[in-house]
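>>> A predicted structure for the sequence below; I have some questions about it.
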Amino acid sequence: MLVRRLCTSLAKFNNNPFFLSRKFINPFAEFPSSPAFLTSPKTLQFTSHRPVLPARCFFSANSPMGDARRPAVVPIPCPETADRAELYRALEASLGSPFSSEPLVPNPNPLVIVISGPSGVGKDAVIKRLREVRESIHFVVTATSRAMRPGEIDGKDYFFVSKEEFLKMIAQDELLEYALVYGDYKGIPKQQIREHMAKGSDIVLRVDIQGAATLRNILGKSAVFIFLVAESEEALVKRLIDRKTETKETLLVRIATAKEEIKHLSNFDYVVVNKEGELDGTVKLVESIIDAEKAKVNQRNIVI
Ligand SMILES: Nc1ncnc2c1ncn2[C@@H]1O[C@H](COP(=O)(O)OP(=O)(O)OP(=O)(O)O)[C@@H](O)[C@H]1O
């Protein structure tokens, strides 16, 4: 009686399309459906009406290919007990082609990241730290006609050039963008960007708000625009005072300008608050933005 019920049960199982996956030959086909086999307590256990067989090798015989290219039937060892390399090879053989080690998606495009914000907000400080923690970034050294501040290094902080030299660069179309800021010229050399993008580096540009607006017109959505702000006007003014680089006149101009600049926020993709004493947190947030941009399905594509 028990044997008859089991035979019926197995017969149903064999014919049930739900169990006959396209991928595998029914493993039960390997077992003789003789009463001796079915009644052997070592080979068969019961779980309600579904027989559970001891772990066995499955045989894969299907392939999405036509019959002519169909791979031979390959035994696939049980994943729980199999040697990893053996299982890997069996899966490869059963699917008929080696698994590729090529990346599944192409490398992300190099980014151009424009960092801007009011004077004294911390653009230089953020970029300096960012360069320390992220190797794949090239900070474009801006050319400027302003005088060098104490501690600044030519070619590292800026390319310090005379007004005449700067005007020559403009005439030769060597600058992506330039502006006259507080009486001094500042501009971005194109060649530097091209060279480092060709090496796969991300490019960071540091510009004032006016420069960011110009760059948005030139680059559109192909670059990432980040607006850096202080947590308050008060914090910004204190930062500028503490920097001790400004005269009374330039302090007044910079602070008055900063009040207006916040109105340009909508021109940017991201806003990052650079809170007093939290430079590292600011840099982490900028890094997160870069990482998120790198993970975008539709990458920004820039041509300089
Ligand atoms: N999170 C912060 N907390 C405290 N001080 C900061 C922070 N970020 C920057 N600073 C300091 O504030 C001052 C202004 O920063 P920084 O020179 O980087 O500003 P900036 O935006 O580059 O200014 P500018 O456009 O005038 O060159 C510097 O002395 C800098 O060390």
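Structure's in. What do you need?
>>> who in the stretch 51-200 of the chain is up against the ligand?
By CB under 6 Å from any ligand atom, the residues of the stretch 51-200 of the chain that approach the ligand are 117, 119, 120, 121, 122, 123, 124, 125. In this view, the C-beta of every residue, glycine as well, is placed from N, C-alpha and C.
>>> just flag the most distant two among the residues you listed.
Maximum pairwise distance among these (CB to CB): 12.6 Å, between 119 and 125.
>>> the more surrounded of these two?
Taking neighbours as other CB atoms under 10 Å, residue 119 and residue 125 compare with residue 119 leading, 23 against 17.
>>> helix or strand for that one, which one?
Counting by DSSP states H and E, no helix or strand carries residue 119.
>>> run through the residues that contact it.
208, 240, 254, 257, 258 (CB atoms under 8 Å, 6 or more residues apart in numbering).
>>> again, but for residue 87
For residue 87, the contact set (CB under 8 Å, 6+ apart) comprises 76, 77, 79.
>>> number of nearby residues for the second one?
Under the neighbour criterion other CB under 10 Å, residue 77 is assigned a count of 17.
>>> kindly report the same for the first one.
Residues lying near residue 76 (other CB under 10 Å) number 18.
>>> which residue ranges make up the domains of the chain?
2-95, 112-142+190-294 (automatic domain parsing).
>>> weakest of the ones you listed in terms of mean pLDDT?
For the domains of the chain, mean pLDDT drops lowest on domain 2-95, to a mean of 56.
>>> who touches stretch 136-156?
Residues outside stretch 136-156 that contact it (CB under 8 Å, 6+ apart) are 127, 130-131, 157-163, 165-166, 169, 175, 178, 182, 184-189, 192-193, 196, 200-207, 245.
>>> sorry, that was for stretch 230-238
With CB under 8 Å, 6+ apart, stretch 230-238 has contacts from 118, 120, 121, 122, 239, 255, 258, 259, 273, 274, 275, 276.
>>> for the residue lying closest to the first one once chain neighbours are set aside, list the residues it contacts.
On the basis of CB to CB, 6 or more residues apart in numbering, the spatially nearest residue to residue 118 that is not a chain neighbour turns out to be residue 258, at 3.6 Å. By CB under 8 Å, 6+ apart, the contact set of residue 258 is 118, 119, 120, 121, 233, 236.
>>> could you flag which of those are buried?
118, 119, 120, 121, 236 (16 or more other CB atoms under 10 Å).
>>> now do stretch 197-205: distance to the chain's middle.
Chain-centre distance of stretch 197-205: 14 Å, with CA atoms, centre = their mean, to the nearest Å.
>>> again with stretch 128-137
16 Å.
>>> that one: which residues count as buried?
129, 130, 137.
>>> for the residues you listed, which one is nearest the ligand?
Each of these was checked against the ligand using CB to the nearest ligand atom; the closest is residue 129, at 9.0 Å.
>>> need the three-state assignment for the closest one.
Of the three states, residue 129 takes helix according to DSSP: H, G, I helix; E, B strand; the rest coil.
>>> which element is the residue lying closest to it once chain neighbours are set aside on?
Spatial nearest neighbour of residue 129, chain neighbours left out: residue 283 (4.7 Å); criterion: CB to CB, 6+ apart. Using DSSP H and E, residue 283 sits in helix 279-294.
>>> and residue 211, by the same measure?
Counting by DSSP H and E, residue 211 is part of helix 209-219.
>>> contacts for stretch 296-304, please.
With contact meaning CB under 8 Å, 6+ apart, stretch 296-304 is reached by 108-112, 176, 190, 193-194, 197, 219, 221-224, 293.
>>> tell me who's in contact with the residue nearest in space to the middle of the chain.
Centroid check for the chain by CA atoms, centre = their mean gives residue 294 as the closest residue, at 2.6 Å. Going by CB under 8 Å, 6+ apart, residue 294 touches 108, 111.
>>> can we see that at 10 Å?
Residue 294 makes contact with 107, 108, 109, 110, 111, 136, 202, according to CB atoms under 10 Å, 6 or more residues apart in numbering.
>>> please apply the same query to residue 180.
Residue 180 neighbours (CB under 10 Å, 6+ apart): 145, 163, 166, 186, 187, 210.
>>> cool, and residue 221?
Counting by CB under 10 Å, 6+ apart, residue 221 has contacts 269, 300, 301, 302.
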